[in-house]
Every structure is written in C-alpha cells, then in structure tokens.
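Asker: Quick one, structure for this:
(chains A, B, C and D)
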Number of protein chains: 2
Amino acid sequence: MTRSTASARPPGRPRSGVNAVVFAATLSTVNELGYAHATVDRIAAAAGVAKTTIYRRWPSKGALIVDCLLDAFGPMPQEGAGRAEFMSSAIHWIAAKISEPGVGDAFAGVFSDAVSDPALREVLSARLQDPYRLALQEALGEPENRVLFFIDVVVGTLLHRMGMTGEPMVDADVARLVEMVLPHFTDDADPA
Amino acid sequence: MTRSTASARPPGRPRSGVNAVVFAATLSTVNELGYAHATVDRIAAAAGVAKTTIYRRWPSKGALIVDCLLDAFGPMPQEGAGRAEFMSSAIHWIAAKISEPGVGDAFAGVFSDAVSDPALREVLSARLQDPYRLALQEALGEPENRVLFFIDVVVGTLLHRMGMTGEPMVDADVARLVEMVLPHFTDDADPA
DNA sequence: TTGGTATCGATACCTTTGGTAGCGAAACTA
DNA sequence: TAGTTTCGCTACCAAAGGTATCGATACCAA
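Answerer: Presented below is the predicted three-dimensional model:
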C-alpha cells in the first residue's frame, strides 16, 4: 500500500508535544484551587500555553479532564493470582489513584458536571469507564450488570468520601471496603 | 419571663409562606432541565417569585438545594425490628427518595458543587448528613467512623449510578446493595 | 393615624467563566 | 516559493451566580 489512507502525517504545522504539560498543569491547578476555580484560563497559564490552543485540542473542559484522568490512571494492573487477590488489588489501585493530588478532585468535579450534561456523561462512560469495565468483565467472567454494580460501589464510595470530607479515604477504610465487597463477588456463582 | 429573648415575632412585614412553593419549583425545574440548567432565575420564575426573594432567604444556590433536599427527605423512618430490618429499610428509603423526580439530580449536583466549595461542603455535611448520621449512630450503637463508612457506601453507590447513567438504581440492584452491606454490619461486633 | 421596620417585585448591574472569532507569525511539506 | 496548519494573542459573546437600589406593601406599636 502506498501510504494509502491514514496516518501519513497531515500537512501544515505539526502540533507541539505539550499534552503532557497540559495534563500536569491541569492536575496541579485542580489540586491548588479546586475543580471549580481551576478555570481553563488558569490551566493554560500554568501550562505556558494559550487558551485557544487547549480548545483547539479538546472540545470542552470536561473532555480535557477526562483525557487528563485517562492519562493519570493508565491501564489497570492485571495482578493477583485468584479472584480475591485480583479484585483487592484493583480496589487498592483505584483508591490510590484517586488519592493522588488533583485526581480525586478532578474526578469528582467532572463527574458532577456530567450529571447535567448528557454529552459529557457519554464521554465519561465510554472513554473512562468502559475500558476498565471490559477488562473486569473479561478477567472476572462476570456479566456486565454485575461489573457495573461493582464499579458503582467502589468508585461511588471513594468519591463520596472525597466529596464529603475533601480528603481521600484512609487505608483502613479502603481495607474495609475490600472486606465488604469481596464476599459478594467470590462466594456464589451468579445467583440472581 | 416577659417574652424576653427569642421568637417574639420580629418587626416588619412578615415573610410570605412561599418556601414550599420554591421547593416544589426547584425540584420540578431540576427534573426538567437538569441541575446546571436549573438556574436561580428559572427556579424563581417557576415559583412565581422574584430572584431577589430567593437570595433574601438562602445565601446561595447550594444552600437552597440543601434545604430543598432536607424538605424532600424528611425524617428517616425508624422502622424494623432488628438491626437487619432497620438497615434494610433505611437503604430502601434513601434509594426511593433519590429516585423521586429531581431529587437525585439535585443531590448529585449539589454534591459535586461541594467538591470545590468548602463552605458548601460544610453546609452539606452539617445540615444534611449529620442528622441522619446521628440517628444511625444511636439506633445502631455503632461508632461514628463506621456509620460514616456505611453512608459513604450506600449514598455513594446510589449517586454514582445516578451520575453515570442518569437513571436511579433499579430495585434489583438496591436489593443487591442491601445483601452486600448487611453482613458487614451485623455479623461481627466491631473487629477493627 | 402615624411612624418604624422588613419584605415584596422589578430592574439594572457586576463578575466570573466556558467557549468563539479573527489576526499575524511560525513551522512544516512539496 | 506556495500552501496548509498550528501557534499565541486579543477581543469578544452569552450564561449564570450574586448584589444594589427603589418604590410599594404588610405588619406592629404608640
């Protein structure tokens, strides 16, 4: 194929590689000022970039935050011998990620924006939740509705604690969460 | 005492009894337009009241929503013979309330606003969460941190489902939530 | 009846913020 | 050199939370 269809480098000035800088500036700004006060203007200034450059790459602030979270989370580690170890490590992993500076605030903030914004909710569900949901479905062999319930419990609990107290959940409570969730997903073989 | 200190009816024109109308207008507007688009202007118009009247009674939109939710929730029913029945009825009660039109959206919306607003977070925690937390502590004889964990799990799960899907949690999943939470709070006697 | 007080609706206004438009300059290809 | 796209910059718009002001109104007390 003679460099036929895609990825033949588009014409024009290439984009500068500042995505990582923008992501870092986003998290640090959210961490310093909170989600609502982390305006696009401030994020752009912190990144040393014009606001228009950000809107040239992301269609909305919500989309920027989602991409930033995707970059911050990265792939879910597929560790653990059995089901219990796997699920326990997954819960500890997401809890640790949400505890990182700015990540929990950004997550809770974009989540709340999505409540009133169906388009953003679609982005959040498809880009951020679905990859991990599919990985969990495959790794656990559980149907979609049970995996979605698992995500609701784990992420919902962690975000509620973050939103109500402003602080991430302490390790002891994360351990309690694991103890409560695991029996429900390892004892029986899909009773309902 | 000669009507000494408090509640002797303050001077001036008394406030008209439109709080209930404003609460109803708030929930219906949030239900129709979503939290972000339910502006104070629109809520006032729906209630047939001037916007300045609303800001004369509530210091912020968040405070209005919290009062509206307090009015919508009402006191938690203290039903159930044993611990299991009591906790089960409490979970079903809050799930049903969050399913009412506008209530879930308003709850998730004010919750998310609180992430970046410590003052609003304080209002939310003290006015909305604490009464139910204290009732649960007394009814269950559990320490504060365990009751807070219980609230994080139940409310967090319900709100996460609401935020991600836009729909309240179906009864079958609420039942699963009860099945998962109850053993963790009824089997052992405070191991940690 | 008169004065004091606080609420009412209405209007105008301020500030912040997400998002857009237009411009000249720069970077890259052909 | 021509063409294309991104860059930073400035100006701008619209929506929304919140405030200030003003005349009118409802209530109490003297």
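Asker: Just the buried residues of the helix or strand containing residue A:130, please?
Answerer: According to DSSP states H and E, residue A:130 maps onto helix A:130-140. By neighbour count on 16 or more other CB atoms under 10 Å in any protein chain shown, the buried set for helix A:130-140 is A:132-133, A:136, A:139-140. From N, CA and C alone the C-beta is placed, and that goes for glycine too.
Asker: how about residue A:35, secondary structure?
Answerer: coil (DSSP: H, G, I helix; E, B strand; the rest coil).
Asker: right, and it touches residue A:108 too?
Answerer: Yes: using CB atoms under 8 Å, residue A:35 is in contact with residue A:108, at 7.0 Å.
Asker: overlap in contacts of these two?
Answerer: Taking CB atoms under 8 Å, 6 or more residues apart in numbering or on different chains as the contact rule, residue A:35 and residue A:108 both touch residue B:115.
Asker: Quick one: name whatever helix or strand follows the worst-scoring helix or strand of chain A on mean pLDDT.
Answerer: For chain A, counting by mean pLDDT, DSSP states H and E, helix A:103-115 ranks last in confidence among helices and strands (a mean of 86). Per DSSP H and E, the first helix or strand lying C-terminal to helix A:103-115 is helix A:118-123.
Asker: how far away is residue A:162 from DNA strand D?
Answerer: Distance of residue A:162 to DNA strand D, given as CB to the nearest atom of the strand, to the nearest Å: 22 Å.
Asker: Next, the contact list for the nearest residue to residue A:135 once chain neighbours are set aside, please.
Answerer: Leaving aside its sequence neighbours, residue A:135 sits nearest to residue A:76 (CB to CB, 6 or more residues apart in numbering or on different chains; 5.6 Å). If a contact means CB under 8 Å, 6+ apart, then residue A:76 has A:90, A:93-94, A:132, A:135-136 as its contacts.
Asker: separation between residue A:76 and residue A:180?
Answerer: 21 Å (CB to CB, to the nearest Å).
Asker: now do residue A:101
Answerer: Relative to residue A:180, residue A:101 is positioned 27 Å away (CB to CB).
Asker: between the two, who's got more neighbours?
Answerer: Neighbour count, other CB atoms under 10 Å in any protein chain shown: between residue A:101 and residue A:180, residue A:180 has more, with 20 against 13.
Asker: buried sites along the helix or strand that contains the more buried one?
Answerer: Using DSSP H and E, residue A:180 sits in helix A:171-186. Neighbour counts using 16+ other CB under 10 Å place A:173-178, A:180-182, A:184-185 of helix A:171-186 among the buried residues.
Asker: and these near chain B, which?
Answerer: When these are checked against chain B using CB under 8 Å from any CB of the partner chain, the ones in range are A:173, A:176-177, A:180-181, A:184.
Asker: thinking again about what came up before, what would the buried residues of helix A:171-186 look like in a markdown table with pLDDT?
Answerer: Formatted as a markdown table, these follow (pLDDT from 0 to 100):
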| residue | pLDDT |
| --- | --- |
| A:173 | 98 |
| A:174 | 98 |
| A:175 | 98 |
| A:176 | 98 |
| A:177 | 98 |
| A:178 | 98 |
| A:180 | 97 |
| A:181 | 97 |
| A:182 | 96 |
| A:184 | 93 |
| A:185 | 89 |
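Asker: What is the nearest of those to DNA strand D?
Answerer: Using CB to the nearest atom of the strand, residue A:173 comes nearest to DNA strand D of the buried residues of helix A:171-186, at 31.6 Å.
Asker: So that closest one sits against residue B:151, correct?
Answerer: No: assessed by CB under 8 Å, residue A:173 is found out of contact with residue B:151, at 11.9 Å.
Asker: Wait, residue A:112 touches residue B:105, no?
Answerer: No: Residue A:112 is beyond contact range of residue B:105, at 10.7 Å (criterion: CB under 8 Å).
Asker: Over to residue A:142: give its phi and psi.
Answerer: Residue A:142 adopts backbone torsions of phi -100, psi 150, taken as degrees, to the nearest 10.
Asker: how close does residue A:71 get to DNA strand D?
Answerer: 17 Å.
Asker: That residue reaches residue A:21, doesn't it?
Answerer: No: in this structure, residue A:71 is not within contact of residue A:21 by CB under 8 Å, at 11.5 Å.
Asker: Where does chain A get nearest to chain B, residue-wise?
Answerer: residue A:112 (1.7 Å; CB to the nearest CB).
Asker: Please parse chain A into its domains.
Answerer: Here the domain parsing of chain A from automatic domain parsing is A:19-68, A:74-186.
Asker: near DNA strand C at all, the last one?
Answerer: No: under the criterion of CB under 7 Å from any atom of the strand, DNA strand C is not reached by domain A:74-186; the shortest gap measures 8.4 Å.
Asker: Give me the distance between the two termini of that domain.
Answerer: End-to-end distance for domain A:74-186, by CA to CA, to the nearest Å: 26 Å.
Asker: now swap in the first one and tell me
Answerer: Using CA to CA, the end-to-end distance of domain A:19-68 comes out at 9 Å.
Asker: Next one: the residue most central in space within chain A from DNA strand D, what distance?
Answerer: Closest to where the C-alpha atoms of chain A average out (CA atoms, centre = their mean) is residue A:69, at 4.4 Å. Using CB to the nearest atom of the strand, residue A:69 is found at 21 Å from DNA strand D.
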